[in-house]
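Engineer: Okay, here's the prediction I keep looking at, along with the sequence it came from:
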Amino acid sequence: MPVGTQGTVKAVAQDVLESLGAEIILGNTYHLYLRPGHEAIRRMGGVHQFISWPRALLTDSGGFQVFSLNALRKVTDEGVRFRSHLDGSSHVFTPEHSMDVQIALGADIAMAFDECTEYPADRARAEESLRLTMAWARRSLDHFRAHGGEVVWCYEFPERRQSLFGIVQGGMYVDLRRECAERLVEMDFDGYAIGGLSVGEPREMTLEMIAETLPLLPKDKPRYVMGVGYPDEIELYARMGVDMMDCVLPTRAARHGLLFTSDGRLNIKNKQYAEDQSPPDANCACMVCRRYSRAYLRHLMQAHEALSGTLNTIHNLAFYLGIMERVRQSLEGEAAES
RNA sequence: GCACAGGUGGCCGAGCGGUUAAUGGCAGCAGACUGUAAAUCUGCCGCUCCUUGCGAGCUACGGAGGUUCGAAUCCUCCCCUGUGCA
């Protein structure tokens, strides 16, 4: 799932995302609440209408901002007080408020309000963080059941109702992860996410947490690992049974000049590509690789042209979506054989 | 011709007697980015050498002299640029 925090997958327009085959993109509750405001978006028919995105949409709850806006927030049992990174104004996010905002935004999938536990976190800290996330999961669900679940405007799926996913936390402690997963499943969410990963921990640890948690989540509901990963990681996780993943890496790295290719990383800013007329990835059939050379992409980067971010992003998303498409076909093939 | 103001490393631009190979910015060269405060951040960026070290040597602040223990910084002359007046 390409990440579109502020109602845009940075540098690419919605029609391009459609042509790339993106079936679902992310938006962010905290960012859209601050600007342009969830009530404004509600009045304009919801976030699908507002940004003109006819396919599926997922809003992250703001839980990640509890983590990333560390310097600008204060966490209590009740919720989180943020100082806006835009103007310094103070805002309180509670599970109930996050639900209200997400209901107003009207994405297909809303996420429970959680606390993305930092790494490293000692046992006591992870337990405390988990306690908070569990209480918030309960409150998110109760509030959502009372006020949410309306039909969402989605051109391609007109009958779809908004659903709510719970998020597994627990730091890097397997037993905490398990306990969290079991309790969330008891609550009966529409889908389950594994959060708090790729926050600086060693990769084997990420893998272990996913491997230990995934089997506890119902197979007949979407299982989503949040915030991952590198190309080889998403393929691995998908084969392990992960249904959904999102990551800013393909888009952010693209804007910074890093292209993912079938031959590995390619930093398009490098001098060695100054007159390289070959495509970024000879094995890629995306609209960028079919038409533009490494030399041109490097030039756009050097010249700080906006098209640079756009073309780089298109390629990286095509590459990522291509990985998922191949994995999907491969898994469907295996399913058909058995 | 006269009067001011200037000439600093690829460019712009600080510094105006001593930890100054010389603050910054740009350009350049590499690296990093994992539920986006990111078109961002980090490192290198005069030359040469090596035991790669807050290492050694060399060359540098328009040019040539001078003052001084010591000068990009002060003095003299010259060259060049800008502005104003003739």
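Structural biologist: Nice, I can see it. Residues are numbered from 1 along each chain as shown, chains lettered A, B, ... in the order given.

Engineer: so who does the closest residue to residue A:84 other than its chain neighbours touch?
Structural biologist: Of all residues not flanking residue A:84 in the chain, residue A:34 sits nearest, at 5.7 Å (C-beta to C-beta, 6 or more residues apart in numbering). Any C-beta I mention is one placed from the backbone N, CA and C, and that applies to glycine too. Contacts for residue A:34 were tallied using C-beta atoms under 8 Å, 6 or more residues apart in numbering; they are A:84, A:86, A:91.

Engineer: packing partners for the strand or helix carrying residue A:233?
Structural biologist: Per DSSP states H and E: residue A:233 is located in helix A:231-240. Applying 3 or more C-beta pairs under 8 Å, 6 or more residues apart in numbering; DSSP states H and E, one finds that helix A:231-240 makes contact with helix A:203-213, strand A:244-245, helix A:306-337.

Engineer: what's in contact with it?
Structural biologist: Contacts for helix A:231-240 (C-beta under 8 Å, 6+ apart): A:203, A:206-207, A:210-211, A:214, A:225, A:228-229, A:245, A:247, A:260, A:319-320, A:323-324, A:327-328, A:331.

Engineer: Contacts only, for the spatially most distant residue from the centre of chain A.
Structural biologist: Relative to the centre of chain A, the most outlying C-alpha is that of residue A:275, 35.9 Å out, by C-alpha atoms, centre = their mean. Each residue near residue A:275 by C-beta under 8 Å, 6+ apart is listed here: residue A:295.

Engineer: SS state for it?
Structural biologist: What DSSP: H, G, I helix; E, B strand; the rest coil gives for residue A:275 is coil.

Engineer: quick one, strands of chain A?
Structural biologist: Taking DSSP state E as the criterion, chain A carries its strands at A:24-28, A:56-60, A:73-75, A:80-83, A:90-93, A:109-111, A:163-168, A:191-194, A:223-225, A:244-245, A:258-261, A:264-267.

Engineer: Tabulate those (a markdown table), appending distance to residue A:128.
Structural biologist: A markdown table is the format used below for the strands of chain A (distance: least, C-beta to C-beta, whole Å):
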| stretch | distance to residue A:128 |
| --- | --- |
| strand A:24-28 | 25 |
| strand A:56-60 | 22 |
| strand A:73-75 | 10 |
| strand A:80-83 | 14 |
| strand A:90-93 | 18 |
| strand A:109-111 | 21 |
| strand A:163-168 | 16 |
| strand A:191-194 | 19 |
| strand A:223-225 | 23 |
| strand A:244-245 | 27 |
| strand A:258-261 | 37 |
| strand A:264-267 | 38 |
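
Engineer: Redo those as CSV? Include mean neighbour count and mean pLDDT.
Structural biologist: Shown next, in CSV, are the strands of chain A (neighbours: other C-beta atoms under 10 Å; pLDDT from 0 to 100):
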stretch, mean neighbour count, mean pLDDT
strand A:24-28, 22, 98
strand A:56-60, 26, 97
strand A:73-75, 14, 94
strand A:80-83, 20, 94
strand A:90-93, 15, 95
strand A:109-111, 28, 98
strand A:163-168, 26, 98
strand A:191-194, 26, 98
strand A:223-225, 26, 98
strand A:244-245, 20, 98
strand A:258-261, 21, 98
strand A:264-267, 13, 97
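
Engineer: separation between the residue lying closest to residue A:70 once chain neighbours are set aside and RNA strand B?
Structural biologist: Excluding its sequence neighbours, the residue lying closest to residue A:70 (C-beta to C-beta, 6+ apart) is residue A:118, at 7.6 Å. Residue A:118 sits 9 Å away from RNA strand B, going by C-beta to the nearest atom of the strand, to the nearest Å.

Engineer: can you check residue A:37 too?
Structural biologist: Computed as C-beta to the nearest atom of the strand, the residue A:37 to RNA strand B distance reads 17 Å.

Engineer: Check residue A:4 too.
Structural biologist: According to C-beta to the nearest atom of the strand, residue A:4 and RNA strand B sit 7 Å apart.

Engineer: Over to residue A:206?
Structural biologist: Noted for residue A:206: a distance of 7 Å to RNA strand B, by C-beta to the nearest atom of the strand.

Engineer: ok, for that residue, nearest residue in space, not its chain neighbours?
Structural biologist: Leaving aside its sequence neighbours, residue A:206 sits nearest to residue A:197 (C-beta to C-beta, 6+ apart; 4.9 Å).

Engineer: Relative to residue A:297, how far out is that neighbour?
Structural biologist: Counting by C-beta to C-beta, to the nearest Å, the gap from residue A:197 to residue A:297 is 31 Å.

Engineer: Would you tell me which residues of the stretch 101-250 of chain A are close to RNA strand B?
Structural biologist: Neighbours of RNA strand B within the stretch 101-250 of chain A, by C-beta under 7 Å from any atom of the strand: A:111, A:114, A:116, A:167, A:169, A:193, A:195-199, A:203, A:226-230, A:233, A:246-249.

Engineer: Output stretch A:86-102 as PDB, restricted to C-alpha atoms.
Structural biologist: Extracted C-alpha coordinates of stretch A:86-102, given in PDB (Å, rounded to 0.1, in the frame of the first residue of the first chain):
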ATOM      1  CA  LEU A  86       2.400  23.300  11.800                       C
ATOM      2  CA  ASP A  87       1.600  26.100  14.200                       C
ATOM      3  CA  GLY A  88       2.400  24.800  17.700                       C
ATOM      4  CA  SER A  89      -1.300  24.700  18.700                       C
ATOM      5  CA  SER A  90      -2.300  22.100  21.200                       C
ATOM      6  CA  HIS A  91      -4.600  19.100  20.200                       C
ATOM      7  CA  VAL A  92      -5.800  16.100  22.200                       C
ATOM      8  CA  PHE A  93      -6.100  12.800  20.500                       C
ATOM      9  CA  THR A  94      -8.000  10.100  22.400                       C
ATOM     10  CA  PRO A  95      -9.100   6.700  21.000                       C
ATOM     11  CA  GLU A  96     -12.700   8.100  20.700                       C
ATOM     12  CA  HIS A  97     -11.500  11.300  19.000                       C
ATOM     13  CA  SER A  98      -9.300   9.300  16.500                       C
ATOM     14  CA  MET A  99     -12.400   7.200  15.700                       C
ATOM     15  CA  ASP A 100     -14.500  10.300  15.200                       C
ATOM     16  CA  VAL A 101     -12.000  11.800  12.900                       C
ATOM     17  CA  GLN A 102     -11.600   8.600  11.000                       C
END
